[in-house]
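Trainee: Need the 3D shape of this:
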Amino acid sequence: MTDRCTWCGTDPLYVAYHDTEWGVPERDPRALWEKLVLDGFQAGLSWITILRKRDGFREEFDGFDPERVARWDAARIDRALQNPGIVRHRGKIEATVKGARLFLEIEGDQGFAPWLWSFVGGQPIQNRFASMAEVPAATPESTAMSKALKKRGFTFCGPVITYAFMQATGMVNDHMTGCPRHAELSAASTVG
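Mentor: Residues are numbered from 1 along each chain as shown. Sure, this is the predicted structure:
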């Protein structure tokens, strides 16, 4: 694909992520929780670091099954801290366990996916940025999502993290207008 967004560079893993996953609207609650967790783990690191460890995270966190992760105890957290296949950060691992419990509350109450998508009115925001310099680090929507997540008890979810999450899960279409994926995802969001 020529003219793809420049942020993915030429690393084959990053290019594949850009071409097939990033910006595709995600409505599966478990997949949304996984991406929120991984974006929290990214804090202070590069996304390619997390992407390279994603399979390790999936294995360690029981396939990101919130019901299983919510039952983790201190010994299970300590075991995760020994895994070199993930980012070994106690605070982020503990936040994931707490987040699993919060996910279950929200999912049972109103649905995790509908709740998160409500911050963009239920449909992807179609941005039209021609260069990376135009892309904001955070928006009013990501700030509102961050505040709501924090109010529920989530951590590692500041407005910059939630905006990256919104980009990754297709809540906003931030592919550059010259990138073929922008038009593809824009057209797909108007179908139905």
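
Trainee: Tell me which residue of the protein is furthest from the middle?
Mentor: Here the chain reaches farthest from its C-alpha mean at residue 75, the gap being 27.0 Å by Cα atoms, centre = their mean.

Trainee: for that one, phi and psi?
Mentor: phi -70, psi -40 (degrees, to the nearest 10).

Trainee: Roughly how far does it sit from residue 29?
Mentor: As judged by Cβ to Cβ, to the nearest Å, residue 75 and residue 29 stand 28 Å apart. Every residue, glycine included, has its C-beta placed from N, CA and C.

Trainee: cool, and residue 81?
Mentor: Distance from residue 81 to residue 29, by Cβ to Cβ: 27 Å.

Trainee: Break down this protein into its helices, ranges please.
Mentor: Counting by DSSP state H, one finds helices in the chain at the ranges 12-20, 29-42, 47-60, 66-69, 74-80, 90-109, 112-117, 140-152, 159-168, 180-189.

Trainee: lowest-confidence stretch among those helices?
Mentor: For the helices of the chain, the bottom mean pLDDT is recorded on helix 180-189, which sits at a mean of 91.

Trainee: Could you pull up the residues touching the closest residue to residue 95 other than its chain neighbours?
Mentor: Leaving aside its chain neighbours, residue 95 sits nearest to residue 155 (4.6 Å; criterion: Cβ to Cβ, 6 or more residues apart in numbering). The contact partners of residue 155, taken as Cβ atoms under 8 Å, 6 or more residues apart in numbering, are 40, 91, 95, 98-99.

Trainee: Buried only: go through the residues you listed for me.
Mentor: 40, 95, 98-99 (16 or more other Cβ atoms under 10 Å).

Trainee: quick check, nearest of the residues you listed to residue 128?
Mentor: Closest to residue 128 out of the buried ones among the contacts of residue 155 is residue 40 (28.7 Å), distances taken as Cβ to Cβ.
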